[in-house]
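Student: Return atomic coordinates for the entry below.
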Amino acid sequence: MYNKYLDIFIEVVECGSFTKASEKLFISSTAIMKQMNLMENDVGVKLLERTNHGIKLTNAGKQIYKDAKHIVQYCKNSISHVNKLVQNDSNTITVGTSVICPCKPLMDIWYKINDKYPNYKIKIVPFEDNHTDILTTLKGKDFDFDCIVTPCDSAEWKTKLNFLQLGNYEYTASVPRNHKLSNKKKIDYSDLDNETIMMICDGDSEKSNYLRESILEKSKNVTIEPTPFWYDIDVFNRCEENGNVLMSLNAWKDVHPSLVNIPFKNKVEVPYGIIYSKNPTKSFEFFINCIKDYMEKDVT
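Tutor: Purely as a prediction, here's the structure:
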């Protein structure tokens, strides 16, 4: 619905260089420069100034950048609205999935019961783990999917979204493979003495707050480095690059191949499950009740 070089232009601006943009987009910097040249030819004005320190926007480029973000988001919203209209006319349930929030736990349940509901279909929708707040992903009637499966220990989330617990994940310590703790079978709090600990900011996550307090109380000379509440791959990369200890979950043991996940001797768990809108469609409400029925029978 729009020329895709707008996506490249936005990425170049936000990365500050062709090289960094090429790494994120997995295309060569030469190809990116060609796309930017084509874009400038189409627009008829210079948008980017190439410098030894990266790129700099011209005044025209600043305006295009501002408008481009609105254009891209508008088109995405339009497509989302159309998809939602189609989905409302059918019993298709859209499930978001990502590296940090894989939908497998839900799909494992669905595959056990879907033969009872032949009129219902699942559509899996990938999304990027770059959200500072899940409420921007699942809010109102215009989000891109009906639900995601994620750790959920946020009091705020539970006031604004519905949550169906499927189980518990266990907190672990992720360290680079060459870290002195990497050969440990289990981590004791005293093992963290003098370490920099990466974990989410103090907030409304009861389990995370408990873990932080335990570390600060029982470990000596630790430094807490705050991470975003919503992890993405950059958090794991930073852990590997800086040689720090990242508070992670056993579900994420394969997220980064250069990191080792080690459980704690004193187990701390966080609930995970399905989060979805407070105002779900009738189709999704029926679907979630099917999952609830299975969970209740499975427990008994």
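
Student: So what's the residue count around residue 251?
Tutor: Neighbourhood size, residue 251 [other Cβ atoms under 10 Å]: 22. Quick note: C-beta positions are derived from backbone N, CA and C, even for glycine.

Student: Show me what the residue nearest to it when sequence neighbours are not counted is bridged to.
Tutor: Counting by Cβ to Cβ, 6 or more residues apart in numbering, the nearest residue to residue 251 once its immediate chain neighbours are dropped is residue 169, at 4.8 Å. Residue 169 has these beta-bridge partners by DSSP bridges: residue 270.

Student: So what's the residue count around residue 169?
Tutor: For residue 169, using other Cβ under 10 Å, the count is 19.

Student: contacting residues around it?
Tutor: 151, 249-251, 269-272 (Cβ atoms under 8 Å, 6 or more residues apart in numbering).

Student: what packs against whatever helix or strand residue 210 lives in?
Tutor: For residue 210, the host element (DSSP states H and E) is helix 206-218. Judged by 3 or more Cβ pairs under 8 Å, 6 or more residues apart in numbering; DSSP states H and E, helix 206-218 is in contact with strand 196-200, strand 223-227, strand 269-277.

Student: Would you mind putting the contacts of residue 169 into CSV with distance to residue 176 alongside?
Tutor: As requested, these are exported to CSV (distance: Cβ to Cβ, whole Å):
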residue, distance to residue 176
151, 23
249, 18
250, 18
251, 20
269, 25
270, 23
271, 29
272, 26
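
Student: now those as a markdown table including pLDDT?
Tutor: Listed next are the contacts of residue 169 as a markdown table, based on pLDDT from 0 to 100:
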| residue | pLDDT |
| --- | --- |
| 151 | 92 |
| 249 | 95 |
| 250 | 95 |
| 251 | 94 |
| 269 | 94 |
| 270 | 94 |
| 271 | 94 |
| 272 | 95 |
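
Student: Specify which member of those is nearest to residue 123.
Tutor: Comparing the contacts of residue 169 against residue 123 with Cβ to Cβ places residue 272 closest, at 21.4 Å.

Student: Contacts only, for that closest one.
Tutor: 105, 149-152, 165-169, 251.

Student: How about the secondary structure of residue 202?
Tutor: In three-state terms, and counting by DSSP: H, G, I helix; E, B strand; the rest coil, residue 202 is coil.

Student: For it, give me its contacts.
Tutor: Neighbours of residue 202 in contact, by Cβ under 8 Å, 6+ apart: 209, 212.

Student: again with the one 10 residues further on
Tutor: Residue 212 sits next to 199, 202, 224 when contact means Cβ under 8 Å, 6+ apart.

Student: can you put the residues you listed in JSON lines and add pLDDT?
Tutor: Putting the contacts of residue 212 into JSON lines (pLDDT from 0 to 100) gives the following:
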{"residue": "199", "pLDDT": "93"}
{"residue": "202", "pLDDT": "80"}
{"residue": "224", "pLDDT": "94"}
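
Student: Can you add distance to residue 161 and give those back as a markdown table?
Tutor: As requested, these are exported to a markdown table (distance: Cβ to Cβ, whole Å):
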| residue | distance to residue 161 |
| --- | --- |
| 199 | 23 |
| 202 | 22 |
| 224 | 28 |
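
Student: Check the residues you listed against residue 41 and report the nearest one.
Tutor: Distance to residue 41, by Cβ to Cβ, is smallest for residue 199 among the contacts of residue 212, at 48.3 Å.

Student: Hmm, the closest one is touching residue 247, no?
Tutor: Yes: if you go by Cβ atoms under 8 Å, residue 199 and residue 247 touch, sitting 3.8 Å apart.

Student: hey, where'd the strands end up in this structure?
Tutor: 48-51, 54-57, 92-97, 121-126, 147-151, 161-176, 196-200, 223-227, 245-249, 259-263, 269-277 (DSSP state E).

Student: Which among the ones you listed is found nearest to residue 26?
Tutor: strand 121-126 (15.2 Å).

Student: And the closest one, what's buried?
Tutor: residue 122 (16 or more other Cβ atoms under 10 Å).

Student: Does that strand pack against any helices or strands, and if so which?
Tutor: Judged by 3+ Cβ pairs under 8 Å, 6+ apart, strand 121-126 is in contact with strand 92-97, helix 104-113.

Student: Would you mark the buried spots in the last one?
Tutor: Using 16+ other Cβ under 10 Å as the burial criterion, the residues of helix 104-113 that qualify are 105-107, 109-110.

Student: How much space separates residue 246 from residue 257?
Tutor: Distance check for residue 246 against residue 257: by Cβ to Cβ, to the nearest Å, it reads 14 Å.

Student: Residue 12 too?
Tutor: For residue 12, the distance to residue 257 equals 28 Å [Cβ to Cβ].

Student: now swap in residue 107 and tell me
Tutor: From residue 107 to residue 257 the distance is 24 Å (Cβ to Cβ).
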